[in-house]
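**Student:** Sequence first, then the predicted structure, then my questions.
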Amino acid sequence: MKLIASLAVVGTAFAMASPALAQFAKPEDAVKYRQSALFVMAQHFGRIGAMASGRAPYDAKAAIVNAELVAMISKLPWAGFGPGTDKVTPTRAKPEIWTESAKFKEGHEKLVTEAEKLLTAAKTNNLDNLKVAFGAMANTCKGCHDSFRKE
Ligand code: ASC
């Protein structure tokens, strides 16, 4: 009984320490996953950006569809930055992601919040609201890129 209880404690601790990596067969998959998610998010965010900057005509329905995808996808990449995924190349991920993990977490949590605000703004069907929320989210993207992404 004692042994089972100890194993349960170890198992729980392990699950809490490495929830992210446990989802991937190998570190290379985690890196491919996070890069893919960031790429797809950037495509949909970029379509909103085109409307916000006037490079594309404002289409309220398209803005909502893209913002829904951005809000959903914004939650995904972070699971791919688990322990042991810092040594996989090629990557522009800086070591600070793992040495300043609290700051990194704060950044990606802020991104998810900004993405929700972007969706809320898109649903107002008002281009000015969309522009404001797009700018706020773009700044959040940039903040983390400045600290945690190599040029
Ligand atoms: C984008 C995109 C990013 C961010 C960033 C904002 O559209 O692909 O990575 O915005 O450039 O500063």
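**Tutor:** Looks like it came in fine.

**Student:** how close does Met41 sit to the ligand?
**Tutor:** For Met41, the distance to the ligand (CB to the nearest ligand atom, to the nearest Å) stands at 8 Å. The C-beta positions use only the backbone N, C-alpha and C, and glycine is treated the same way.

**Student:** Count the neighbours of the nearest residue to that residue once chain neighbours are set aside for me.
**Tutor:** Distances taken as CB to CB, 6 or more residues apart in numbering place Ile73 nearest to Met41, at 4.2 Å, with adjacent residues excluded. Using other CB atoms under 10 Å, Ile73 has 20 neighbouring residues.

**Student:** what residues are up against Ile73?
**Tutor:** Applying CB atoms under 8 Å, 6 or more residues apart in numbering, we find Ile73 in contact with Ala37, Val40, Met41, His44.

**Student:** Ala136 too?
**Tutor:** Glu114, Lys117, Leu118.

**Student:** per-residue confidence at it?
**Tutor:** Model confidence at Ala136, given as pLDDT, is 98.
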